[in-house]
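Colleague: test case, fold it:
(chains A and B)
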Amino acid sequence: MSELLEARNLNVRFNTMFGVKHVLKDINIGMAHNEILAIVGESGSGKSVFSKSIMGLLGERGTTDGSIWLHKGKTSKSGESTGSIDLAGMKQTELEEIRGDQISMIFQDPMTSLNPVMTVGKQIAEAIRIHQNKSMKESLEEAGRLLDLVRVPSGRKILGVYPHQLSGGMRQRVMIAMALACKPKLLIADEPTTALDVTIQAQILALIKELQKELDMGVIFITHDMGVVYEIADRVAVMYKGEVVESGTLEQIFTAPQHAYTRALLAAAPKLGEMTGSDLPRSFPVLTMEEELAGKGGNVAQIDGHAVDYNEDPLLTVRNLQVIFPRRHNFFGQVTHQIHAVSDVSFDLHKGETLGIVGESGSGKSTIGNAILGLLGEAEGDVRYGEIDLLNPTPEQRELVRKDISFIFQDPLASLNPRMTIGAAVEEPLIIHCPDMSAADRQKRAKELLQQVGIAPDLYRHYPHEFSGGMLQRVNIARALTTNPKIIVADESVSALDVSVQATVLNLMMELQRNLGVSFIFISHDMAVIERVCHRVAVMTKGQLVEVGHRRDIFENTQHSYTRKLLAAIPQIDFSTRQQKTFELINDEVPDPVFPVGEAPTPILMKEISPSHKVATE
Amino acid sequence: MSSTTTSQSVSPFELFLRRFKREKLAILAGSILLIMVLMAIFAPFFLSQGLNDFDYDKILMPPSAENWVGTDLYGRDLFTRLVYGARISLSVGFLSVTFGALLGSVLGIMAAYKGGWLDTIIMRAADVLFAFPSFLLAIAIVAVLGGGIVNVIIAIAIFSTPTFARITRSSALAVLNSQYVRAATTMGASHFRIMFVHILPSTIGGILVYFTMRVGTSVLTAASLSFLGMGAQPPSPEWGAMLASSRDFIAVDGYMYLTLYPGLCIFLTVLCCNVLGDGLRAALDPK
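Modeller: Below is the predicted model:
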């Protein structure tokens, strides 16, 4: 195997306020010049630190020992490689020669990685001119060629365009074009698709894979998502707490994982289609990672979710919900364009049911959640919770609604006040709704709730920054449960969590549903998670519902083309079909539903496939 | 984010203390200020002379072992007067800025939270106050209300208010759209609770930094007003008033000490406040 990069006994330590942290422990990884090495691990596993140590971007506080050899590909007759350099031992000035030339990197967020005040063409040309002696004109021409290379439709036309005028997927293509400017031998991609919608993610993955073959370069692909690993990698290294716990070919890792961590990681990732034939949601066969690694895992039972009685009247009915925000104004302040965030949406929610609302960013799925809570003055239509009109409640009704419907947000840390202990956060709804309760009773209740979500009650006086994301989301769930709500709106509540943590939090939500009979509106972009945890599913795009039905209707009898597109974009772990899968490399991102005043999106007619399954006519 | 949770809870305040400990210069400045405050409070307990003990045998004595910084025109010990002066100067600085900060932060948070016409009214009023040169404004206010130390405090409080309002408003706007404020809204928290339990604490850092620096400036402003004869009047030992009463000796050889030491006191206070404020800023905002 002709090696391209080789890390030998690499150790990285950081000096922090709390002492020295050993973040990479004895890393030994090698990769060939023409393969894609996926480094998979959860947050804090050290995978990004590894990529930074290759680039020499650890900063002043980081110290490295061990070596990272970059082999330039020349092999002498005796078999020893010549022209190898040790990146770990190089000075910053020497590394500057390497960065961008031999090794380049793309990052997660293409908006913040691009300069907002410079045209796309100039930025790419700049990247070319740093390492190559070319005129601006030549560089711009080269930039145009690079945009063609990354399959930007009519690439040369966007040379004069600014980053904010491009969509997320296009920006990421521009980033890739910049990274390829000097034909690097090694491309490091650090979670390049995490911020993108699934359909766009699929396109970017296919693009990286094709470019790797075309340009014969090595790619290190860093991700937390096993599905993405499966789509893209030739070889895989699994990292956990600063160590490489397992590495091997893709097939080895997926079919015969050796390490308990890898096995747990694979078990925790929901796989599309594994729920086929089952009417109810089902828990994940995982424990927390600590318990798994202590050997308590193995055969964890998968428990069926709560059975819903559909003969009862629905708990919540939404009829013809419409939310229109002003978008553009003319000189006199009159609104000229409006964004139809939600148009003509109707659905029911039953007691003890989880309704999944799925769609890509900008589809209006979060707006529905906010409208139900009465947070949007712009909402129109008929949203009823029992006798209460949620869009126009009386003050007493509003009080009741705030108790009965609670919310869990996406970012577990940001949704807790950093200056409040977690105990105080859980108590807060009681302070608001039960002002007569004594402090001792409140504290008792808060501790019960923390216990219920799996957090030791003696952590009551700790602050949010001391916890991991999964623990914090449990705190948020405890807080949402404080007032014994009937409905919990969970807006992308697990999408910021690591996959193993996500599984345990979802298990907790299903368990609470079984025990308390609470209903969930589960808003998510992730079809695989939706399939696992929901009783019924509503698919949204451009503010409209295109398909509603029981989970089995949606996943086993898919009718609408958009639902199919969403399903097709999800990486499916199945070795028999892996090689045949291709994606069209086109930009077909969904535009925002913006219309001039007076115009509206074409109303959608729903066709009934079965009593429970409705589909928009196309 | 570390998943390890120690049993010892670390509050955000303790984190701030740890970072502040590294700001050696700010700690020094803070200590000097603290000593000044303690000396001012306990003046009668360690000073052998009273504030207005005239001794006509010791008129205009240069600094000596007995009179550390000399005596004034009436034979009063200057050091004693400086210490008593600190009582006035420091409390004028502190009180005026406290009133300004209280008023400004409440107005700022209301402007940010309510928005709309209330925001417009509060912030445009602030703009109007900003448009006046602040010192002239203080003189104008004192001219209207009349001289004296209480009116100086009112004048400085009034022109401190708009800056505090702006600082509070901008940092309140930053947290207004944060998820935890939205979470509180969805829980049904009252406006009052959201403003003063959730938003205000997150703006305290910025207010505290500006507060510290502003105390220094206010001491200077109060001294300037007194120097011009619009604030504390002699025989008050306010530092500016002391400078004013020694005005005639500024350029006289050998009598520099009369103006040097009150001047140094003002200088030291302003400097220490600024250094302390800088250190607080570094510790509160680690980025």
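Colleague: distance of the closest residue to A:S612 other than its chain neighbours relative to chain B?
Modeller: Nearest non-adjacent residue to A:S612, counting by Cβ to Cβ, 6 or more residues apart in numbering or on different chains: A:H550, 4.9 Å away. For every residue, glycine as well, the C-beta is placed using N, CA and C. Distance, A:H550 to chain B, by Cβ to the nearest Cβ, to the nearest Å: 29 Å.
Colleague: from B:F267, how far off is the residue lying closest to B:S246 once chain neighbours are set aside?
Modeller: With sequence-adjacent residues excluded and distances taken as Cβ to Cβ, 6+ apart, B:S246 is closest to B:L258, at 3.8 Å. The gap separating B:L258 from B:F267 is 16 Å, by Cβ to Cβ, to the nearest Å.
Colleague: which one of these two is surrounded by more residues?
Modeller: B:L258 (26 against 12; other Cβ atoms under 10 Å in any protein chain shown).
Colleague: I'd like the distance between the more buried one and B:F249.
Modeller: 5 Å.
Colleague: now swap in A:A490 and tell me
Modeller: Taking Cβ to Cβ, one finds A:A490 at 77 Å from B:F249.
Colleague: got it, and A:T421?
Modeller: Distance of A:T421 to B:F249, given as Cβ to Cβ: 60 Å.
Colleague: how about the residue in chain A positioned nearest to chain B, what does it touch?
Modeller: At 2.9 Å from chain B, A:R402 is the closest residue in chain A, using Cβ to the nearest Cβ. By Cβ atoms under 8 Å, 6 or more residues apart in numbering or on different chains, the residues touching A:R402 are A:I432, A:H433, B:T186, B:M187, B:G188.
Colleague: check what pLDDT the residue of the stretch 101-250 of chain B found nearest chain A gets.
Modeller: As assessed by Cβ to the nearest Cβ, chain A sits closest to B:G188 within the stretch 101-250 of chain B, at 2.9 Å. pLDDT for B:G188: 86.
Colleague: helix or strand with the lowest mean pLDDT in the chain?
Modeller: Let's take chain A. Lowest mean confidence among the helices and strands of chain A (mean pLDDT, DSSP states H and E): helix A:289-291, at a mean of 72.
Colleague: that answer is for a different chain, and I need it for chain B
Modeller: Least confident helix or strand of chain B, by mean pLDDT, DSSP H and E, is helix B:43-46 with a mean of 82.
Colleague: using CSV, list the CA coordinates for that helix.
Modeller: Taking C-alpha atoms only, helix B:43-46 is exported to CSV below (Å, rounded to 0.1, in the frame of the first residue of the first chain):
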residue,chain,number,x,y,z
ALA,B,43,-10.7,58.4,58.8
PRO,B,44,-11.5,59.6,62.4
PHE,B,45,-10.0,56.5,63.9
PHE,B,46,-6.5,56.8,62.7
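Colleague: how about the helix or strand that that helix is followed by, does it reach chain A?
Modeller: Next in sequence after helix B:43-46, counting helices and strands by DSSP states H and E, comes helix B:78-114. No - using Cβ under 8 Å from any Cβ of the partner chain, helix B:78-114 never reaches chain A; the gap is at least 15.0 Å.
Colleague: for helix B:78-114, packing partners?
Modeller: On a contact count with 3 or more Cβ pairs under 8 Å, 6 or more residues apart in numbering or on different chains; DSSP states H and E, helix B:78-114 meets helix B:24-41, helix B:43-46, helix B:116-131, helix B:149-176, helix B:200-227, helix B:239-245, helix B:257-284.
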